[in-house]
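Peer 1: Dropping the sequence and predicted coords here.
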Amino acid sequence: MKLSIIIPYYNVRTYTDELLDKLAPQITDDIEVILIDDGSIEPYTTKYTWCKVYRQDNGGVSKARNAGIEKSTGEYIAFIDADDLVSEDYIRLILNEIPFDYLDMSWMSFGGERFYKKLNSVRDKLDNPSASTRAFNRAFIGDHRFNENKDAAEDEDFTRHVFYGREANRKVITDFVYFYRTDSSESHIKRYLNGQLKTKRIIYHLPRITKDMSYLVDEIRKEDEHNEVIILTHYNEIPELAEHAQIMPPMPVRGMELRGEPTPLFVLIEPPLKSDIVIWTEYTQAIGGIETWIYNFSVIMSTSYDIVVLYDTMDDRQIDRLTPYVRVVKKSNRGIVCDTLIVSRIADKAPDNVIFNKRVQMVHACKLLASWKIPSGADYTICVSETVKNSFEDTEECSVIKNLVLNEKPRKALLFVSATRLGTFEKGQERMSRMAEQMRDAGIKFVWLCFSDVKPKSDLIIHMPPRLDILPFIAMADYLVQLSDKEGFCLSIVEALNLSVPVITTPLDVLPELGFEENKHGYIVPYTGDMNVKRFIKRPKFKYAYINDESVDKWRDILGDGTPHQKPSVKRMRILETFKDSATNRTYKIGSDVYMLSEVADKAIKAGYAREVKE
């Protein structure tokens with residue numbers, strides 16, 4: 001056997017089928033392909049008899065590659081990752097360079113972020129340590145194997161130890177023959193740089209290493225057993241450090257830990273967030289059924305489970321109402337580890353920065369277009385009604401769990417109506433704005449319709465065009481509001497009283513003539529100052545109960561036992577100056593009222609960006 005190709009495989013069937021199709025026309029009798037299935041959920045099978053498939057318990061890519069080396073018989077060995085591709089003449093170009101101790105190949109990425117390395121001659125060097133962009137003489141590898149203590153940076157470990165202190169017959173392939181797929185959600189390097197694997201990247205910043213620092217050898221040798229070690233230095237008098245670490249001049253680098261001297265070149269890879277449940281929604285609108293489902297689920301289930309709502313785009317108002325119950329996180333490179341990932345829409349792809357034990361696919365909408373399909377591969381597919389389930393094909397395996405509905409009895413939003421000519425100075429335009437702001441600050445939910453020839457200055461008041469048939473709107477209101485400086489008679493107050501609609505008004509001189517009595521017919525507010533707006537609150541009385549017990553029990557069967565979750569410590573804040581919070585990657589706009597985590601709020605108060613608004 002001339003060449004053995006070793007493929008470590010884990011749960012990327014579609015990509016691997018494509019890879020084997022690319023290799024098929026190149027296979028000859030002196031080529032063997034060994035695929036090590038590293039404990040995939042579904043055992044890998046293939047139509048190609050020349051591909052030998054061996055299955056083992058999940059142990060990581062290093063264990064899979066080592067198993068491939070032991071089972072191979074070729075004089076030369078090449079490694080291909082199962083989610084990558086090679087060129088149509090990959091094998092021919094390798095065999096054309098025999099004999100060699102090792103062979104470097106030009107490579108290119110595809111499918112996402114674009115990178116490449118073109119080798120024009122043997123004078124050019126690969127700047128990545130990947131074993132996949134190299135082929136090796138078996139004798140040159142000898143007893144060296146991939147470090148099974150590492151679940152990342154195992155390539156760098158392997159090539160560093162194989163090459164260390166040796167002269168070799170090196171050749172190169174100048175054509176692009178290896179192609180990295182960078183959009184795979186299972187990308188090993190993405191999971192590593194998201195902090196989702198056990199191997200850590202330790203950065204030593206030591207501008208000058210002298211012989212009297214020999215203690216570093218044992219320290220770094222020990223770290224090298226389980227972690228990736230990079231030394232940033234301009235000067236090194238201990239060459240044996242190169243056996244146990246990558247040594248390079250100081251440059252920007254990401255890592256989990258910095259040792260040695262401080263440097264702005266170091267970029268921290270934050271540890272992954274951990275949670276029982278991640279609800280993923282690619283986007284949320286200001287209003288909608290899925291948005292309400294996320295909120296209701298979060299409020300009800302957060303008493304038993306730690307929940308993260310992960311989004312790419314979300315309306316600020318949705319963030320505000322979720323924040324008191326769950327962690328709301330914008331998608332980034334930071335990794336997240338959870339037991340259950342819930343994908344909110346059939347059009348949303350599972351986020352690549354989340355590691356999960358089981359995936360739940362939600363189906364909220366009936367099938368309206370022929371192109372709509374329920375994604376495959378979820379551990380549970382949940383339709384929110386039998387109607388939704390019956391609208392799709394092949395839903396025998398789908399479960400039905402009806403949506404959760406909050407049993408809270410919300411405080412009725414007040415409806416205010418004003419009918420006034422704001423174009424004249426005495427009608428109290430500024431006073432109306434002040435009243436609206438005081439109600440907002442008091443947390444009173446309200447809708448204020450102002451029928452006027454001029455648009456109100458406050459965005460909290462809805463402008464309605466003037467109309468003659470105003471009585472039906474006054475009749476449906478909780479209050480008529482009339483905040484003028486002076487009124488000669490004020491027909492609208494009399495009309496409201498005739499309809500038994502209370503009135504909020506300023507202390508107009510004409511009120512006694514109209515028979516208006518405070519507290520009996522409504523409230524009088526001062527021309528200036530505090531209006532005591534909490535007096536206006538009224539609550540409706542309803543008797544209706546939606547029972548969640550059945551749906552909660554079904555969710556518990558899927559989610560298992562959870563960790564009782566304490567509500568986040570939050571404060572309601574008024575934004576005084578537009579600013580962006582780096583921790584949440586959110587821009588807060590001046591004049592808005594938002595909920596903030598207490599630690600974020602305290603920083604904003606200290607910086608003068610916001611003040612707390614008492615509930």
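Peer 2: Happy to help now that I have it.
Peer 1: Return the distance of residue 597 relative to residue 375.
Peer 2: As defined by Cβ to Cβ, to the nearest Å, residue 597 lies at a distance of 33 Å from residue 375. For glycine as for every other residue, the C-beta is placed from the backbone atoms N, C-alpha and C.
Peer 1: pLDDT weak spots in the stretch 51-200 of the chain?
Peer 2: Within the stretch 51-200 of the chain, the segments meeting pLDDT under 70 span 112-113, 183-191, 193-196.
Peer 1: mind listing the helices for it?
Peer 2: In the stretch 51-200 of the chain, the segments counted as helices under DSSP state H, counting those that start in this stretch are 61-71, 90-96, 138-141, 154-163, 188-193.
Peer 1: Let's have those helices in a markdown table, adding distance to residue 323.
Peer 2: Rendered in a markdown table, the data for the helices of the stretch 51-200 of the chain read as follows (distance: least, Cβ to Cβ, whole Å):
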| stretch | distance to residue 323 |
| --- | --- |
| helix 61-71 | 39 |
| helix 90-96 | 52 |
| helix 138-141 | 54 |
| helix 154-163 | 40 |
| helix 188-193 | 28 |
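Peer 1: Using JSON lines, lay out those together with mean neighbour count and distance to residue 120.
Peer 2: Shown next, in JSON lines, are the helices of the stretch 51-200 of the chain (neighbours: other Cβ atoms under 10 Å; distance: least, Cβ to Cβ, whole Å):
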{"stretch": "helix 61-71", "mean neighbour count": "20", "distance to residue 120": "29"}
{"stretch": "helix 90-96", "mean neighbour count": "18", "distance to residue 120": "15"}
{"stretch": "helix 138-141", "mean neighbour count": "14", "distance to residue 120": "24"}
{"stretch": "helix 154-163", "mean neighbour count": "21", "distance to residue 120": "21"}
{"stretch": "helix 188-193", "mean neighbour count": "19", "distance to residue 120": "26"}
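Peer 1: Of these, which is nearest residue 121?
Peer 2: Minimum separation from residue 121 across the helices of the stretch 51-200 of the chain (Cβ to Cβ) falls at helix 90-96, 15.3 Å.
Peer 1: I would like the residues contacting the closest one, please.
Peer 2: 2-3, 5, 22-23, 26-28, 31, 76, 78, 87, 103, 105, 135, 173, 175, 177-178 (Cβ atoms under 8 Å, 6 or more residues apart in numbering).
Peer 1: Also stretch 469-478?
Peer 2: With Cβ under 8 Å, 6+ apart as the criterion, stretch 469-478 contacts 414-417, 419, 449, 451, 480, 492, 495-496, 499, 501-502, 536, 538.
Peer 1: Out of these, name the ones that lie in helices.
Peer 2: In helices, judged by DSSP state H, the following of these are found: 492, 495, 496.
Peer 1: and after the helix or strand of the chain with the lowest mean pLDDT, which helix or strand comes next?
Peer 2: One helix or strand of the chain scores below all others by mean pLDDT, DSSP states H and E: helix 188-193, with a mean of 66. Downstream of helix 188-193, the next assigned helix or strand under DSSP states H and E is strand 201-205.
Peer 1: Next, the buried residues of that following strand.
Peer 2: Buried residues in strand 201-205, defined by neighbour count with 16 or more other Cβ atoms under 10 Å: 201, 202, 203, 204, 205.
Peer 1: repeat for stretch 454-463
Peer 2: By neighbour count, and taking 16+ other Cβ under 10 Å as the criterion, the buried residues in stretch 454-463 are 456, 458, 460, 461.
Peer 1: and the end-to-end length of stretch 317-327?
Peer 2: 15 Å (Cα to Cα, to the nearest Å).
Peer 1: which parts of that stretch are buried?
Peer 2: Residues of stretch 317-327 classed as buried: 318, 319, 320, 322, 323, 324, 325, 326, 327 (neighbour count, 16+ other Cβ under 10 Å).
Peer 1: and which of those residues is nearest to residue 126?
Peer 2: residue 327 (41.4 Å).
Peer 1: Do I have it right that that closest one meets residue 309?
Peer 2: Yes: the pair residue 327 and residue 309 passes the contact test of Cβ atoms under 8 Å, sitting 7.2 Å apart.
Peer 1: Which parts of the stretch 451-600 of the chain are helices?
Peer 2: With DSSP H, counting those that start in this stretch applied, the stretch 451-600 of the chain shows helices at 471-475, 491-498, 511-514, 549-559, 598-607, listed in chain order.
Peer 1: Comparing the ones you listed, which comes out most buried?
Peer 2: Counting by mean count of other Cβ atoms under 10 Å, helix 491-498 has the highest mean neighbour count of those, with a mean of 18.
Peer 1: residue with max distance from the center of the chain?
Peer 2: residue 513 (63.4 Å; Cα atoms, centre = their mean).
Peer 1: residue ranges with poor pLDDT in the chain?
Peer 2: Under the criterion of pLDDT under 70, the regions of the chain flagged as low confidence span 112-113, 183-191, 193-196, 410, 538-547, 583, 615.
Peer 1: got a list of what the residue nearest to the spatial centre of it touches?
Peer 2: With the centre of the chain defined as its mean C-alpha position, the nearest residue by Cα atoms, centre = their mean is residue 331, 2.7 Å away. Applying Cβ under 8 Å, 6+ apart, we find residue 331 in contact with 310, 311, 312, 351, 353.
Peer 1: May I ask which of those residues has the most neighbours?
Peer 2: Counting neighbours by other Cβ atoms under 10 Å, residue 310 comes out on top of the contacts of residue 331 with 26 neighbours.
Peer 1: quick one: contacts for residue 449?
Peer 2: Residue 449 makes contact with 415, 416, 417, 418, 462, 464, 473, 477, according to Cβ under 8 Å, 6+ apart.
Peer 1: Was I right to think the fifth one contacts residue 448?
Peer 2: Yes: under the criterion of Cβ under 8 Å, residue 462 is in contact with residue 448, at a separation of 6.3 Å.
Peer 1: ok, residue 597 and residue 375, which is more surrounded?
Peer 2: residue 597 (19 against 16).
Peer 1: partner residues bridging the more buried one?
Peer 2: With DSSP bridges applied, residue 597 shows beta-bridge pairing to residue 570.
Peer 1: any idea how far residue 329 is from it?
Peer 2: Looking at residue 597 against residue 329, where the rule is Cβ to Cβ, the gap reads 11 Å.
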